[in-house]
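Trainee: Make a model of this:
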Amino acid sequence: MRVMLLGATGLTGGKVLQGLLGREEVTQVVALVRHKLPTLHDKLAQHEVDFDRLEDHAELFLSLIHISEPTRLRRI
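Mentor: Sure, this is the predicted structure:
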C-alpha cells in the first residue's frame, strides 16, 4: 500500500510517519514537505512542494489514485 502524508515535519505527523514506515503492508510513504526531512528510509519518498500552489504538483496525487481497485478505509 502506498500512502501520501502531509504534515510529516510536525510533531503528530512525524509520529505518523514513523508508524507508517514500520508497517509491513506499507510499501511507500510519499511525504509532501516544505523542506526535506532528516529521516532517511527505503520506503520514504519526499517531495518538496509549495503548499500555496498544490495544483503545480497534481502528478503526485494522481500517481497514488487507483480507480481499478475498490477502496476500503481501515484503522491502522
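Trainee: When you work out contacts or count neighbours from here on, use the C-alpha atoms and nothing else.
Mentor: Noted.
Trainee: Pairing partners for the most centrally placed residue in the chain in the sheet, please.
Mentor: In the chain, the centroid-proximal residue (CA atoms, centre = their mean) is residue 4; its distance is 2.6 Å. Under the criterion DSSP bridges, residue 4 forms beta bridges with residue 30.
Trainee: Just give me the neighbour total for residue 39.
Mentor: Counted with other CA atoms under 10 Å, residues neighbouring residue 39 total 11.
Trainee: again with the one 4 residues further on
Mentor: Taking other CA under 10 Å as the neighbour definition, residue 43 ends up with a count of 15.
Trainee: Please report the distance of the nearest residue to it once chain neighbours are set aside from residue 21.
Mentor: Of all residues not flanking residue 43 in the chain, residue 28 sits nearest, at 4.5 Å (CA to CA, 6 or more residues apart in numbering). Using CA to CA, to the nearest Å, residue 28 is found at 8 Å from residue 21.
Trainee: still on that earlier bit, residues in contact with the residue nearest to the centre of the chain?
Mentor: Residues counted as contacts of residue 4 (CA atoms under 8 Å, 6 or more residues apart in numbering) are 29, 30, 31, 32, 64.
Trainee: Closest one to residue 53 out of those residues, please.
Mentor: Comparing those against residue 53 with CA to CA places residue 32 closest, at 12.3 Å.
Trainee: What score does the closest one have for pLDDT?
Mentor: Looking at residue 32, its pLDDT stands at 90.
Trainee: My guess is it contacts residue 46. True?
Mentor: Yes. Under the contact definition of CA atoms under 8 Å, residue 32 touches residue 46, with a separation of 6.1 Å.
Trainee: Comparing the two, which shows the higher neighbour count?
Mentor: Set residue 32 next to residue 46 and count neighbours by other CA under 10 Å: residue 32 wins out with 23 against 20.
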